[in-house]
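Trainee: Quick one, structure for this:
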Amino acid sequence: MPETSTTRRHLLAAAAALGAGPALAQPARPRVRLQTDKGVMVVELADDKAPVTVANYLRYVDARRFDGAMFFRASNAPGVPTLGFIQAGVRNPAKLFRPIAHESTLVTGLKHVDGAISMARLAPGTAQSDFTICCGDAPHMDAKPGAPGDNLGYAAFGQVVEGMEVARSILASPRNGPAPTPVMQGQMLDPPVKILSARRT
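Mentor: Model prediction:
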């Protein structure tokens, strides 16, 4: 009889542990593998903190609209060639989805640290496909209440977890391409770096 009671207790404890396991487990964040002609980067997307921005990015990935897109811009801090950001996006207007709502870093709690992936935009609510990757910390890209302009910063939504050496090599690439605006003079990659494929891992 004691053996039966002990066995029953063990079975009940095991069943309870199994039942609690899935409820306690945190779902894995989505990851995307970017194959470029300079190498591979893997980004992990914070869908729990920036769901609108991540859903938009994955929409482009799943529709394969980043395939053939380009890293076309690299901007470094004055006098610090290893600190800055690289920018990529879809250049064909026919492949763009509608703009999305802006998710401020004040709301998401995400920061523009080394390796952060973030949406590029003009006015808040205009982001579509263009995204940046930070090479080094970039706190000036975070929202800053009281600062000049709209104060809302850019929408960070994930982090490079593999391949930052590729991002840094893109930042160091030649930048003599024609600039669409004077502020981008000396920032246009020549040649651009092609995204061969973008896939969930």
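Trainee: Sheet partners, orientation included, of the lengthiest strand in the chain?
Mentor: In the chain, taking DSSP state E as the definition, the longest strand is strand 188-200. Next to strand 188-200 in the sheet, as set by DSSP bridges, lie strand 31-36 (antiparallel), strand 70-77 (antiparallel).
Trainee: what about the chain, any weak spots by pLDDT?
Mentor: By pLDDT under 70, the weakly predicted segments of the chain are 1-25.
Trainee: thinking again about what came up before, which parts of the longest strand of the chain are buried?
Mentor: M188, L189, P192, V193, K194, I195, A198 (16 or more other CB atoms under 10 Å). Where C-beta positions appear, they are placed from N, C-alpha and C, glycine not excepted.
Trainee: So the first one sits against P174, correct?
Mentor: Put plainly, it is M188. No. Between M188 and P174 there is no contact under CB atoms under 8 Å: 9.6 Å.
Trainee: Tell me if A167 really is in a strand.
Mentor: No. Applying DSSP: H, G, I helix; E, B strand; the rest coil, one finds A167 to be helix, outside a strand.
Trainee: What sits closest to it if chain neighbours are left out?
Mentor: I133 (4.9 Å; CB to CB, 6 or more residues apart in numbering).
Trainee: Parallel or antiparallel, list what pairs with the helix or strand the one you found falls within.
Mentor: Assigned by DSSP states H and E, I133 belongs to strand 131-135. Here strand 131-135 is paired, per DSSP bridges, with strand 80-89 (antiparallel), strand 116-119 (antiparallel).
Trainee: List the buried residues of that strand.
Mentor: Those would be F131, T132, I133, C134, C135, for strand 131-135 by 16+ other CB under 10 Å.
Trainee: Name the residues that touch it?
Mentor: If you take CB atoms under 8 Å, 6 or more residues apart in numbering as the criterion, strand 131-135 is touched by 41, 43, 57, 76, 82-89, 112-120, 141, 154, 160, 164, 167-168, 171.
Trainee: Could I get the CA-only coordinates of it as CSV?
Mentor: Backbone C-alpha positions of strand 131-135 (Å, rounded to 0.1, in the frame of the first residue of the first chain) are rendered in CSV as follows:
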residue,chain,number,x,y,z
PHE,A,131,15.4,49.3,-42.3
THR,A,132,18.7,50.1,-40.6
ILE,A,133,21.2,48.1,-38.6
CYS,A,134,23.3,50.0,-36.0
CYS,A,135,27.0,49.5,-35.9
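Trainee: Toward the C-terminus, what is the element adjacent to it?
Mentor: Next along from strand 131-135, by DSSP H and E: strand 155-162.
Trainee: How far off centre is that next one?
Mentor: 4 Å (CA atoms, centre = their mean, to the nearest Å).
Trainee: going forward, begin numbering at 2 instead of 1
Mentor: Right, with 2 as the first residue, what we last looked at is strand 156-163.
Trainee: which ones are touching the closest residue to S105 other than its chain neighbours?
Mentor: Of all residues not flanking S105 in the chain, A144 sits nearest, at 4.6 Å (CB to CB, 6+ apart). By CB under 8 Å, 6+ apart, A144 lies in contact with S105, T106, L107, N152, L153, G154.
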